[in-house]
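Participant: Sequence and computational prediction follow.
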Amino acid sequence: MKTPLILIVLVFFTISFSFGQECEKQTDPFSNEKVTTFEWKAGGIRTLFMESRNGKSTLEFRVGEIGAIEYTISAGSDVQIKLENGEIIKMHTLFETKSVVSSTSFSESSNVVSSTYFMKTEITNEQLKKLATSKVTHMQFPDLHGGLQTYSSKELRNKFERFLMEGAKCLTENN
């Protein structure tokens, strides 16, 4: 009876460490500057990445949509995060972003086509401090149809909002 319980606990910890998040502080081997990073991999795929280097911090996140949509989002597009205390963090994308279309087969007759893209923004130290101390309630960013996508806390699914907060804490505490 104890063996299955121990096996379940070991599997749980292995999965959570393999697909979890990491806060790392290291020295760049070429410039010798201190770099702090936070990465969350959902299902082994990078979903959220934050980095602080030379006093500048960036926030990068992955977004996906069902269907084959090829679209380019221009640099300077708005990304907004609304916090539980009502404050809004406004950022702008740093680069032009192109969607990538991929296909996943679950069986011979089941195939799912999706489009993913990464949004990368600069985030100030002041914005990081706010994000580290207040829960995210909404997030708004460009979509692949030329409009805006808004996620509520339900759509952020608690994990993403939690990892935004943990990443902000990682960067503010290690700089």
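Facilitator: Noted; the coordinates are in hand.
Participant: Who are the contact partners of the residue nearest the centre of the chain?
Facilitator: Geometric centre of the chain, nearest residue: Leu48, 2.1 Å, by Cα atoms, centre = their mean. Taking Cβ atoms under 8 Å, 6 or more residues apart in numbering, we find Leu48 in contact with 21, 38-40, 59-62, 160, 163-164, 167. Quick note: C-beta positions are derived from backbone N, CA and C, even for glycine.
Participant: Surely it is within a strand?
Facilitator: Yes. Counting by DSSP: H, G, I helix; E, B strand; the rest coil, Leu48 is located in a strand.
Participant: residue ranges for the strands of this protein, please.
Facilitator: 21-27, 34-42, 45-53, 56-66, 72-73, 78-83, 88-92, 97-98, 100-105, 111-123, 136-142, 148-152 (DSSP state E).
Participant: What mean pLDDT does the third one get?
Facilitator: Mean pLDDT, computed over strand 45-53, is 93.
Participant: Number the chain from 58, please
Facilitator: New numbering, starting at 58: the last item is strand 102-110.
Participant: hmm, back to that, mind listing the residues bridging to the nearest residue to the residue nearest to the centre of the chain once chain neighbours are set aside?
Facilitator: Nearest residue to Leu105 in three dimensions, chain neighbours excluded: Trp97, at 4.2 Å (Cβ to Cβ, 6 or more residues apart in numbering). For Trp97, the beta-bridge partners are Gln78, Leu105 (DSSP bridges).
Participant: Many thanks, I have nothing further to ask.
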